[in-house]
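1. sequence first, predicted coordinates after that:
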Amino acid sequence: MKHILIAGVSGAIGHALAEHYLAQDESLKVIGLCRDPSTVKFHSEYKGRVHLLPWDAAGSTDSTEIAFDLETVLSKDEGLDGVIYAAGFLHGAGIVPEKRLEDLNAEALAHSFAVNATGFAVLMRAVAPWLRHRGFKTVVAISAKVGSITDNGFGGWYAYRSSKAALNMLVRNFSIELPRKCRPLACVAVHPGTTLSPLSEPFSRSLAQLTVHEPADTARNIASVIDGLTQDNNGQFLSWDGSRIPW
Ligand SMILES: NC(=O)c1ccc[n+]([C@@H]2O[C@H](COP(=O)([O-])OP(=O)(O)OC[C@H]3O[C@@H](n4cnc5c(N)ncnc54)[C@H](OP(=O)(O)O)[C@@H]3O)[C@@H](O)[C@H]2O)c1
């Protein structure tokens, strides 16, 4: 039986990915992390194969607590075949993406880093013991193209861009350390493509000029990237169509 952990399973992309994998493989189990599991609904046929655990990326700074909760639904011996970090923060609670330097504030930066980067780091520390089995496993951080330093020719969105760049650096670091104990493995950052979701919703007018995907299409695209991963992809930043994005 395959086991996949999805952090941010309540989000448009995280939820669509969970449903995609549950539909693809009827022996697959999903462990979903989100702030309020009672808000997340799955098709009744998936019920026995989904375990939801409460988790707040901005508040769960103790990796031992996360590991303790995970152990209640999955033993380390069973192991994880995939980890997907699909939690992310762009706007909310009075925070909007900055257009200029004058809009920048410390709380917005701190919160964006907590959800977009620190949450992933603490989670990885917690779940590493579940990745020590001999099977091939994938660790995928849903990043964003705007987190690419090389690609940034436009500026703005200080908190989101810099926290996604930090997420990318964590991916790169884990891709170097994890294979020492968890080989065979591929740890990558993936840009999901512009997708209809609460995160992208306030920008719908500017999105009109872009190709915008439905969450289910994005899930199919990301799953196709994940399913094609080999150890050779370890440490890469990939787009939803499998092409490389410069760091
Ligand atoms: N949509 C796009 O066009 C687009 C483009 C590029 C990259 N991305 C990335 O794709 C990922 C998924 O985004 P989405 O489009 O699916 O947006 P979404 O539907 O708004 O989902 C965001 C997810 O992040 C979770 N989250 C936010 N704050 C959290 C916290 N403090 N603790 C735990 N979870 C928290 C949300 O949980 P709650 O339900 O508890 O709020 C939700 O599960 C994000 O990393 C985003 O940056 C999206």
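-> That came in fine, so what should we check first? Since the model is a prediction, treat every value here as computed from it, not as a measurement.

2. pairing partners for the residue nearest to the spatial centre of the chain in the sheet, please.
-> By C-alpha atoms, centre = their mean, the chain has its centre lying nearest to residue 85, at 2.1 Å. As for beta bridges, residue 85 partners with residue 7, residue 141 under DSSP bridges.

3. next, the contact list for it, please.
-> Neighbour list for residue 85: 7, 8, 119, 120, 123, 140, 141, 142, 167 [criterion: C-beta atoms under 8 Å, 6 or more residues apart in numbering]. In short, each C-beta sits where N, CA and C put it, glycine included.

4. in what helix or strand does the fourth one lie?
-> In other words, residue 120. helix 119-127 (DSSP states H and E).

5. so residue 226 sits in a helix?
-> Yes - counting by DSSP: H, G, I helix; E, B strand; the rest coil, residue 226 falls inside a helix.

6. burial of residue 94, as a residue count?
-> As a burial measure, residue 94 scores 8 neighbours (other C-beta atoms under 10 Å).

7. and if you look at residue 145?
-> 17.

8. one more: residue 165?
-> Neighbour tally, residue 165, other C-beta under 10 Å: 19.

9. close to the ligand, is whatever helix or strand residue 138 lives in?
-> Assigned by DSSP H and E, residue 138 falls within strand 137-142. Yes - on the criterion C-beta under 6 Å from any ligand atom, strand 137-142 is in touch with the ligand at residue 142.

10. ok, now stretch 163-177?
-> No - for a cut-off given as C-beta under 6 Å from any ligand atom, stretch 163-177 has no contacts with the ligand; the smallest distance is 6.8 Å.

11. quick check: residues of the protein near the ligand?
-> Checking the chain against the ligand by C-beta under 6 Å from any ligand atom, the hits are 8, 10-14, 34-35, 56-58, 86-89, 115, 142, 144, 192, 194-195, 197-200.
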